[in-house]
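Visitor: Make a model of this:
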Amino acid sequence: MKLKQNKCKRCGHEWVQRILTKPILCPRCKSPGWDKERISTLKYEIAKAKIYLSDPEKRESAKKVIDALELRLNNRLNRVAE
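Guide: Coordinates of the predicted model:
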């Protein structure tokens with residue numbers, strides 16, 4: 001049996017899963033959303049990446065990062081709405 005490594009996206013705690021079913025809570029912070037990114041964190045990362053849009057050398061890579069982050073944010077918002 002292969003042990004699965006888990007990481008909480010809320011507090012950063014890492015642990016080895018001892019059972020086959022998906023954990024309900026993070027063992028450290030007790031968050032039920034341990035496997036979901038915080039929406040505020042994604043919005044902050046998008047705002048931080050937009051700073052680089054004014055730099056011609058970093059514009060293209062900043063656009064790619066922003067597109068990827070916005071996609072993750074939209075996916076997360078859609079899951080919250082369900």
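Visitor: close enough to count as contact, residue 73 and residue 39?
Guide: Yes - assessed by C-beta atoms under 8 Å, residue 73 is found in contact with residue 39 at 6.8 Å. In short, each C-beta sits where N, CA and C put it, glycine included.
Visitor: Pick out whichever of the two has more residues nearby.
Guide: residue 73 (17 against 13; other C-beta atoms under 10 Å).
Visitor: At which residues are the strands of the protein located?
Guide: 4-7, 14-17 (DSSP state E).
Visitor: Paired strands for the first one, with orientation please.
Guide: The partner list of strand 4-7 in its sheet, established with DSSP bridges, is strand 14-17 (antiparallel).
Visitor: tell me the contacts of residue 72?
Guide: By C-beta atoms under 8 Å, 6 or more residues apart in numbering, the residues touching residue 72 are 37, 42.
Visitor: what's the distance between residue 60 and residue 68?
Guide: Distance, residue 60 to residue 68, by C-beta to C-beta, to the nearest Å: 13 Å.
Visitor: In this structure, which residue is most central in space?
Guide: For the chain, the residue nearest the mean C-alpha position is residue 37 (3.5 Å; C-alpha atoms, centre = their mean).
Visitor: residue contacts, the closest residue to it other than its chain neighbours?
Guide: Leaving out its chain neighbours, the residue that sits closest to residue 37 by C-beta to C-beta, 6 or more residues apart in numbering is residue 9, at 5.1 Å. Going by C-beta under 8 Å, 6+ apart, residue 9 touches 33-38.
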